[in-house]
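Visitor: My questions concern the predicted model and sequence given below.
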Amino acid sequence: MRRFDAVVVGGGHNGLVAAAYLGRAGLRVAVIEARDRLGGPCGPYEFLPGRTLSFTNSPGSLNPAVVRELRLADHGLRFVRADPTVVHRFADRSFVGWRDQARVDRQLDALAAGESRRYRELIAGLDRLGAALGVSLDEPPPALDELRGRLSDPDDLKLFTAVFDGSLRGLLAERLHSEQVGGLLGMLALNAQLVPPSAPGTAIGLMMRPFARASAAGLSGPGDAERVALRGSTGLPVGSMSAIVDALEASCRAHGVEFRTGTPVSRILYDERGGGVRGVVTAAGEEFAADRVVAAVNPVHLFRDLLDDGALGADVRAEVAEQLMRGSAFKLVLEVDSLPAYAGLPDDADAEAARACQFRFGDSLGHIKESVTAALAGRASERPLMWGLIPTLTSPGLTPGDTHLISVNAWHAPYAPEDGGWDGARVEAFGRRCVAVLEELMPGLGDRITDHRFLGPVEIERELGLPESNITHGDMLPAGLFGARPHPAVAGYRTPLPGFYLSGAGTWPGGYVTGTPGRNAARAVLTDLREGGGPGDRNAAPGPGTGDGLRPAPGPALRPTPGAGLCDPAHDPSDDEQRRQA
């Protein structure tokens, strides 16, 4: 048996973030990961021989506080600040999301006269609503039914009702004229969700950025990333997304965190007499003892497979374990001998800059509805929605020669097709269908492909441990967010089982590459340590020399980060440079 101050189950990016913060605070930490590599969807994966990328493409939501506080720049993490940040392909043109608002507005008005004003009014209204609700991404979330009571302004109440009770289609139809502009926002609000835009609550995805901006208010002056709604935010990591995982791993190791990969956990151990969590046991029977366990894995897997009825109650366990995942992710990686020019760009677009940023396919809300509806009926989308990137343009060296890699995440490929499973022929056919759609932006693409890899939802589930290939660990609708994620009894990172904490995409604020759930879970652990006792003694106040097992945190003195509630290293000039990069 090995003893640690804390064990983190799951070595995805949130698990690594939590471990880094705990190790930085002086705890002895072990990260136990079932796969043979760290990072989950953000980690390295060899799609083609000698060609390694991550499943994810862009950290548009990566929390800059994580980058700064964990000093990831000191561990080699660098970003390219793309401008434009996105090329969105419609059936008749390519829309370019520059950081220059005026250039974006001209394209909006070309889609419908006066659309830029309506669009900006909508974004400004959502920002005001986010500020008025006072929901922080950096704190345990409130219950959903508390939120309406925080509002007094009639306009805010009206918008709240439209966002939380109405549908995305209803919200946008009332405020915008162009179906294509609706497609721009629909791809943000419903990314990876198997929910049609006419369903109640589907506009909630548009609130995540307003909540993030409200959370950051007062910490620093707003930059381009905060001012421009169609933004890539953090930028593109040099070395592909796995560079984030590399930096997090290095940060963890610098603080003494130990790793065990290729080691599935089979059970969370706890004192049945009410003493709290006691560690974990692996599938091979090895025990890791700890008075604090942070589970950063899919909640359905956790409650179904790693907990028994006695840990948190049979009802809670069943309600979480039975949650629907409803995933539909499909992955393409193409190697090409040359890159085609993009079709339909505005006349003032820089062709090379346009190819170096993200691209998206989603014609309109109608297109999104058709794709989702087909998948819900068990049919693969005829015209898949896609997000993609050519990472070799910002990260040279990913291939040994002059070839390029095109990395694409596509939807909607139903996990269980109505007429059979995902055999090799079905995977290949859907992949070819995606390539045909990509050629609308990249004419002649098919003739340039020298190698490819297509992964269907079943293979994604198997490779990443994502039930039904749901990349967000469950639907991100109002009823499954805030104080209900993943369940009201275990929301806010803490659980009724002393010493047992939850993290990962299945907790607030949900999926995507933020690192925020890992940061918040670590904060909960450290707060409880300060207030409730050290390792092995929950009634003793922690502190050096008290036998609580804590070591002094290495490095410079610590000071509070304004408004964050976590410790931040004493100011260093590299922080300013990293803040500019982020």
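Guide: Alright, I've got the coordinates.
Visitor: so Val104 touches Ser116, yeah?
Guide: Yes. Here Val104 reaches Ser116: they are 7.5 Å apart, a contact under Cβ atoms under 8 Å. Glycine gets a C-beta too; all of them are placed from N, C-alpha and C.
Visitor: State the distance from Leu269 to Val238.
Guide: Distance of Leu269 to Val238, given as Cβ to Cβ, to the nearest Å: 41 Å.
Visitor: Geometric centre of this protein: which residue is closest?
Guide: Centroid check for the chain by Cα atoms, centre = their mean gives Tyr512 as the closest residue, at 1.1 Å.
Visitor: Next one: that residue, what pLDDT does it get?
Guide: Per-residue confidence (pLDDT) for Tyr512: 83.
Visitor: neighbours of the residue lying closest to it once chain neighbours are set aside, just the number please.
Guide: Nearest non-adjacent residue to Tyr512, counting by Cβ to Cβ, 6 or more residues apart in numbering: Ser61, 4.9 Å away. Residue neighbour count, defined by other Cβ atoms under 10 Å, stands at 19 for Ser61.
Visitor: The residue nearest to His487 when sequence neighbours are not counted is in what secondary structure piece?
Guide: Sequence neighbours aside, Val320 is the residue nearest to His487 in space, at 5.0 Å (criterion: Cβ to Cβ, 6+ apart). Per DSSP states H and E: Val320 is located in helix 314-321.
Visitor: now Gly279
Guide: Going by DSSP H and E, Gly279 is part of strand 276-282.
Visitor: same check, this time on Ser381
Guide: Judged by DSSP H and E, Ser381 forms part of no helix or strand.
Visitor: for Val333, helix, strand, or coil?
Guide: strand (DSSP: H, G, I helix; E, B strand; the rest coil).
Visitor: quick one: contacts for the residue nearest to Tyr512?
Guide: Ser61 is in contact with Met208, Ala212, Ser233, Thr234, Tyr512, Val513, Thr514, counting by Cβ atoms under 8 Å, 6 or more residues apart in numbering.
Visitor: quick one: it from His487, how far?
Guide: 24 Å.
Visitor: burial count for Val281?
Guide: 18.
Visitor: Model confidence for it, exactly?
Guide: In this model, Val281 carries a pLDDT of 98.
Visitor: Verify the stated contact: it with Glu287.
Guide: Yes. Shown here, Val281 and Glu287 form a contact pair, counting by Cβ under 8 Å, at 5.0 Å.
Visitor: intersection of neighbour lists for these two?
Guide: Joint contacts of Val281 and Glu287 (Cβ under 8 Å, 6+ apart) are Leu269.
Visitor: Nearest spatial neighbour of Pro340, chain-adjacent residues omitted?
Guide: Pro340 sits nearest to Met442 (Cβ to Cβ, 6+ apart), 4.4 Å away.
Visitor: Give me the pLDDT value at the one you found.
Guide: Value listed for Met442 in the pLDDT field: 98.
Visitor: Phe164 now?
Guide: Note on Phe164: pLDDT of 97.
Visitor: The residue nearest to it when sequence neighbours are not counted: how many residues sit nearby?
Guide: Computed as Cβ to Cβ, 6+ apart, the closest residue to Phe164 that is not its neighbour in sequence is Pro478, at 5.3 Å. Pro478 has 19 neighbours, counted by other Cβ under 10 Å.
Visitor: Check Ser58 too.
Guide: Neighbour count of Ser58, defined by other Cβ under 10 Å: 27.
Visitor: Quick one, grab the pLDDT at it.
Guide: 78.
Visitor: Likewise for Leu172?
Guide: 97.
Visitor: other SSEs contacting the helix or strand containing Arg432?
Guide: For Arg432, the host element (DSSP H and E) is helix 424-438. Helices and strands touching helix 424-438, as assessed by 3 or more Cβ pairs under 8 Å, 6 or more residues apart in numbering; DSSP states H and E, comprise strand 330-336, strand 385-389, strand 404-411, helix 445-448, strand 449-455.
Visitor: quick one: it to strand 449-455, angle?
Guide: Inter-element angle recorded for helix 424-438 and strand 449-455: 120 degrees (by axes from the mean of the first three to the mean of the last three Cα atoms, to 10 degrees).
Visitor: Need the contact partners of helix 424-438.
Guide: Counting by Cβ under 8 Å, 6+ apart, 330, 332, 334, 361, 380, 382-384, 386, 388, 406, 408, 410, 413, 417, 420, 445-446, 449, 452, 454-456, 459 sit against helix 424-438.
Visitor: Do I have it right that the residue nearest to Phe164 meets Leu144?
Guide: Yes. Between Pro478 and Leu144 there is a contact at 5.7 Å, judged by Cβ under 8 Å.
Visitor: which residues are common contacts for the two?
Guide: Common neighbours of Pro478 and Leu144 (Cβ under 8 Å, 6+ apart) are Phe164.
Visitor: about what we covered before: how about the helices and strands packed on helix 424-438 in CSV, adding distance to Ala524?
Guide: Below are these laid out as CSV (distance: least, Cβ to Cβ, whole Å):
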stretch, distance to Ala524
strand 330-336, 33
strand 385-389, 32
strand 404-411, 31
helix 445-448, 47
strand 449-455, 35
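Visitor: what about the strands in the stretch 151-300 of the chain?
Guide: Secondary structure of the stretch 151-300 of the chain (DSSP state E, counting those that start in this stretch): strands at 236-237, 258-260, 265-271, 276-282, 287-289, 293-295.
Visitor: Quick one: residues contacting Thr263.
Guide: Taking Cβ under 8 Å, 6+ apart, we find Thr263 in contact with Ile32, Glu33, Ala34, Thr282, Ala283, Ala284, Glu286.
Visitor: check contacts around the fifth one.
Guide: What it means is Ala283. Taking Cβ under 8 Å, 6+ apart, we find Ala283 in contact with Thr263, Pro264, Val265, Ser266.
Visitor: Next up, phi/psi of it, please.
Guide: Ala283 adopts backbone torsions of phi -60, psi -30, taken as degrees, to the nearest 10.
Visitor: For Leu398, see how far away it is.
Guide: To Leu398, Ala283 is 34 Å away according to Cβ to Cβ.
Visitor: got any ranges where this structure has weak pLDDT?
Guide: Where the chain drops to pLDDT under 70, the residues are 59, 217-233, 533-582.
Visitor: Let's verify the residue nearest to Pro340: helix, strand, or coil?
Guide: With three-state DSSP as the basis, Met442 sits in coil.
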